[in-house]
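Participant: Show me the folded form of this:
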Amino acid sequence: MKKIGVIMGGISSEREISLLTGQEMIANLDRGKYEVVPIEINTKRDLIDKTAGIDFALLALHGKYGEDGTVQGTLESLGIPYSGCGVLSSSVSMDKELAKKLIRFDDILTADWINVSSMEELASANVERLGLPVVVKPNSGGSSIATRLIKTQEEIAGAVAEALKWDNSVMIEQFVGGDEITCAVLNGKLLPIVSIQANSDFFDYDSKYQDGGATEEIIELPADVHALVEASALGCYKSLKCSVYARIDMIIANGVPYVLEANTLPGLTKNSLLPKAAKAAGIKFSELLDYIIDYSLEERKEN
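Facilitator: Down below sits the predicted model:
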C-alpha cells in the first residue's frame, strides 16, 4: 500500500486555503489503496524533515513556496514523486507576466497589461493606455488576495501600494468585460466548462471561498465558441508545459475567449471549481485523486 503524504499549509498568503484543500484530500483518499500521512508545512525546512518515508507527495499547497516550482524542485532532489505540474511549468505559470508573454507568443488572446516593481516605476508608467477599469494584482499571487478592480485613475496608486505589500511586482491589467469561465484540464483533456457569476464586482477572495459567494454552473457553449475556448485552454496548457492537471481561467467577450491565468495547483476544497468540473464529467472526488496520483506517477517516471 502506497504511503501518500498530503502536503499542506505552507508559508504563503494562501496557507488557510491550502489547509482546506489538504483536509478535503485526506477525507476523500481511498484508505483501501493508500496509507494517508497528513504533513503540515510551517517552515521551508519542514518539507525535508517531514517527508521521509513517504512514497508520493500529494500537493495541497498554494502560492509562493508551494506552487512556484520551489517545492517541486525540492521533492525532485529528494527523489519523491509528487502531484501536478513540474518545476518549470509551476515556476513559469506562477509569474503572471511571464505566462502572459508566453501564451501571447503562441497567439492565445490575453488582456494588455503593465507590470511595476515600485511606486517610482508606476509614476513613469503609461497606465492610461490600458483605459479603465483595470485590475491590480500581485504578479505572483493567488486566490485574488490584494486584487482590486479599479475604476478611476486616482485609485490605482493605492491599489498598487497595497499589492506591493504582498509581492515584489504588481500587474495592472486591462479589464475585459464579459462572462467568466474556468476550464479544468485533466491529463491534457478538457473537462466540462464552469461558468462563474460572482456576487460582487469580480471573482474576489470572498466570492471564491465563502458559501454563496458566487454562482458556479456547468455550461454548454455554442459550438463555435466552445471550439475557441478549448483551443485556448489546451493551447495555454501546452504553452506553459503543464502536466497532469491545471485550471485555465478566462473571460468570454463577444464570443471571444481571453485567458486570465493558469493555475497549476488549483484548489480542491468543497467549494473549488475543478472538483465541480470533474463531477460533471462523472468523476467522483476520490476518483479524481486517484487519477491525479496515477497520472503524476506516469509523468514523473517519464521524466
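Participant: Send me the helix or strand hosting E40 as CSV with only the CA atoms.
Facilitator: Using DSSP states H and E, E40 sits in strand 34-41. Extracted in CSV, the C-alpha atoms of strand 34-41 (Å, rounded to 0.1, in the frame of the first residue of the first chain):
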residue,chain,number,x,y,z
TYR,A,34,-3.3,4.3,0.4
GLU,A,35,-1.8,4.9,3.8
VAL,A,36,-2.5,8.6,4.3
VAL,A,37,0.0,10.8,6.1
PRO,A,38,-1.0,14.4,6.8
ILE,A,39,2.1,16.7,6.6
GLU,A,40,1.6,20.3,7.6
ILE,A,41,4.3,22.6,6.4
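Participant: From the contact counts, what lies against that strand?
Facilitator: Other elements packing on strand 34-41 under the criterion 3 or more C-beta pairs under 8 Å, 6 or more residues apart in numbering; DSSP states H and E are strand 2-9, helix 15-28, helix 46-50. C-betas here are computed from N, CA, C, even on glycine.
Participant: list the buried ones in the longest one?
Facilitator: Along helix 15-28, these residues count as buried under the neighbour rule (16 or more other C-beta atoms under 10 Å): R15, I17, S18, L19, L20, T21, G22, Q23, E24, M25, I26, N28.
Participant: show me the contacts for the closest residue in space to A99 that isn't next to it in sequence.
Facilitator: Nearest non-adjacent residue to A99, counting by C-beta to C-beta, 6 or more residues apart in numbering: S93, 5.2 Å away. Residues near S93 by C-beta atoms under 8 Å, 6 or more residues apart in numbering: C85, A99, L240, C242, A246, E261, A262, N263, T264.
Participant: all strands of the stretch 1-150 of the chain, in order?
Facilitator: For the stretch 1-150 of the chain, the strands defined by DSSP state E, counting those that start in this stretch cover 2-9, 34-41, 56-59, 113-116, 134-138, 148-150.
Participant: Now do the first one: everything it contacts.
Facilitator: This points to strand 2-9. Under C-beta under 8 Å, 6+ apart, the answer for strand 2-9 is 15, 18-19, 21-23, 25-26, 29, 33-42, 47, 50-51, 53-61, 71, 82, 293.
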